[in-house]
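A.B. asks: my questions concern the predicted model and sequence given below.
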Amino acid sequence: MDMVLALAAILFVLGLIGALTRKNIIFILISVEVMLNAAGLAFIAAGAKWQQADGQVMFLFILAMAAAEVSVGLALVLQAYHQHKTMDVEQLKQLRD
Amino acid sequence: MVITRYNPIHALLYLVVSFLAIAMVFLSLGAPFVAALEVIVYAGAIIVLFIFVVMMLNLGAETAGQEKQWLRPKVWLAPSALVMVLLGEMIWLLISGNNTVTDVGVVEPKRVAISLYREYIIALELVGFLLMAGIVGAAHIGQHKKRVLHRFLEDSKTNGVPGNGAHTDLVKKEERQTEIQKEISKADT
């Protein structure tokens, strides 16, 4: 069980590194997906440890949330690309200026 | 591997491998239903969404060159090797006949469903709302309209200075929108 939690932690840290270091929006979204997967893995591991169904229920909710987030996020990416012709988050600073 | 690639398609291939591996972990943790869901929803639907967007974004002449690039074996060799490792593990488990789940017991889908529709019914409804909002939001954001960021930006591009013209344009736009809305409501009734 500790191994699974360690795996979830490693995955989460990898996703966090990706989300913090990459500059392409698509890669940031992918890293967020990896992080959500790590959280779901931790939930499943806890549910398997105590033999409860709550962990899997929580994973279902994470799944639905990830699906909604990805659809909206990718629509935003499309729109931003059509307006700015770039995927670089450094150049998408229209809100700051 | 996912976060170090430069080409998004490569990263997506590695992401598929990662999802499949996590599904296997779920299976070994005694959650077969969730493992199936992981493969279907993550490795199926979400990856397809990503690939769809990636393909929509690089239209044009460079696509043909990229196609040629993608067909080189260097691209798909490493992800397929990782998937082959997973497949080899599965085949080895099937052959060795030792296909009982490890020391953890199985939480069967029936209990998940009962818990989902009894204790978490409100959360389930809220997830339905969330998905609905996601669909509507994606459909609204993803509309292909030549929309400008801000009315002043549009005006400064066309007229040079943001001034009265922007305001009148805005008023005209609002009038047009209200007319359209009236027509729509008439059509509805």
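C.D. replies: Looks like it arrived, so ask away. Numbers count the residues shown, from 1 in each chain, chains lettered A, B, ... in the order given.
A.B. asks: measure the nearest residue to residue B:36 once chain neighbours are set aside to residue B:43 for me?
C.D. replies: Of all residues not flanking residue B:36 in the chain, residue B:23 sits nearest, at 7.8 Å (C-beta to C-beta, 6 or more residues apart in numbering or on different chains). Any C-beta I mention is one placed from the backbone N, CA and C, and that applies to glycine too. According to C-beta to C-beta, to the nearest Å, residue B:23 stands 7 Å off from residue B:43.
A.B. asks: okay, helices next: where are they in chain A?
C.D. replies: A:2-21, A:25-50, A:54-84 (DSSP state H).
A.B. asks: export those to TSV and tack on mean pLDDT and mean neighbour count?
C.D. replies: Below are the helices of chain A laid out as TSV (pLDDT from 0 to 100; neighbours: other C-beta atoms under 10 Å in any protein chain shown):
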stretch	mean pLDDT	mean neighbour count
helix A:2-21	84	16
helix A:25-50	87	21
helix A:54-84	85	20
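A.B. asks: ok, now which ones touch the residue nearest to the spatial centre of chain A?
C.D. replies: Against the mean C-alpha coordinate of chain A, by C-alpha atoms, centre = their mean, the closest residue is residue A:32 at 2.1 Å. The contact partners of residue A:32, by C-beta atoms under 8 Å, 6 or more residues apart in numbering or on different chains, come to A:15, A:19, A:69, A:73.
A.B. asks: as JSON lines, these with distance to residue A:41 would be great.
C.D. replies: Formatted as JSON lines, these follow (distance: C-beta to C-beta, whole Å):
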{"residue": "A:15", "distance to residue A:41": "11"}
{"residue": "A:19", "distance to residue A:41": "17"}
{"residue": "A:69", "distance to residue A:41": "18"}
{"residue": "A:73", "distance to residue A:41": "21"}
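A.B. asks: among those, which ones lie close to chain B?
C.D. replies: A:15, A:69 (C-beta under 8 Å from any C-beta of the partner chain).
A.B. asks: before we move on, the earlier item: in TSV: the helices of chain A, plus distance to residue B:19.
C.D. replies: TSV is the format used below for these (distance: least, C-beta to C-beta, whole Å):
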stretch	distance to residue B:19
helix A:2-21	11
helix A:25-50	7
helix A:54-84	11
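A.B. asks: those helices: which one's closest to residue B:116?
C.D. replies: Closest to residue B:116 of these is helix A:54-84 (C-beta to C-beta; 5.2 Å).
A.B. asks: show me what that closest one is packed against.
C.D. replies: helix A:25-50, helix B:32-37, helix B:47-57, helix B:109-118, helix B:121-141 (3 or more C-beta pairs under 8 Å, 6 or more residues apart in numbering or on different chains; DSSP states H and E).
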